[in-house]
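Student: Model the structure of this input:
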Amino acid sequence: MDEDALSRILKASGDTTRRKILTLLVQEGALRVTALSAHFDMSLNSVSKHIKVLEEAGLVTRRTLGREHFIAAELEPLQLTESWFRQLKSIWELRLQALEEALVSKDEDNG
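Tutor: As a prediction, this is how the structure comes out:
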């Protein structure tokens, strides 16, 4: 697992504004930066900084046509987070299973 990529993805998606940007892009498809910024009560420059973080994490791509910059969601990198959460879940399930077995064994010993 690419730990650096996972860290960038988690950092990028840990911010409410960036999650809203991703949600808008998934719902509406590729949008111009100016169209994205219209959804937020902040400067175009601030929205651009959020987009840059998402780009560095690989969660969005930028396509330039003339002076227009179109931003699109890239959800494939989220597979890293899904994989990491699956690993955590499987570890947790193994621990719960071991606890259950220990409790059953203890009940059998006492009963």
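Student: what's next to whichever strand or helix holds residue 48, contact-wise?
Tutor: Using DSSP states H and E, residue 48 maps to helix 44-56. The contact list for helix 44-56 (C-beta atoms under 8 Å, 6 or more residues apart in numbering) reads 8, 11-12, 15, 17-18, 21-22, 33-34, 36-37, 40, 60-62, 71. The C-beta positions use only the backbone N, C-alpha and C, and glycine is treated the same way.
Student: Just to be sure, which of those residues are found in helices?
Tutor: Among the contacts of helix 44-56, DSSP state H puts 8, 11-12, 17-18, 21-22, 33-34, 36-37 in helices.
Student: From what I see, residue 9 and residue 60 are in contact.
Tutor: No - counting by C-beta atoms under 8 Å, residue 9 sits too far from residue 60 to count as a contact (11.6 Å).
Student: okay, those two: which has more neighbours?
Tutor: residue 60 (25 against 22; other C-beta atoms under 10 Å).
Student: Measure how buried the residue lying closest to that one once chain neighbours are set aside is and give me the count.
Tutor: Distance criterion C-beta to C-beta, 6 or more residues apart in numbering; nearest residue to residue 60, sequence neighbours excluded, is residue 54 at 4.3 Å. When neighbours are counted by other C-beta under 10 Å, residue 54 registers 26.
Student: same deal with residue 8?
Tutor: Using other C-beta under 10 Å, residue 8 has 19 neighbouring residues.
Student: check contacts around it.
Tutor: 56-58.
Student: Neighbour-wise, which one of these leads?
Tutor: When neighbours are counted by other C-beta under 10 Å, residue 57 leads the contacts of residue 8 with 22 neighbours.
Student: Might one say that it is in contact with residue 6?
Tutor: No - judged on C-beta under 8 Å, residue 57 makes no contact with residue 6 at a distance of 9.6 Å.
Student: What is the least confident helix or strand in the chain?
Tutor: Least confident helix or strand of the chain, by mean pLDDT, DSSP states H and E, is helix 78-110 with a mean of 80.
Student: Just the buried residues of that one, please?
Tutor: Neighbour-count burial for helix 78-110, with 16 or more other C-beta atoms under 10 Å as criterion, is recorded at 78, 80.
Student: Low-confidence ranges, this structure, go.
Tutor: By pLDDT under 70, the low-scoring segments of the chain are 1, 111.
Student: Kind regards, and thank you for your time.
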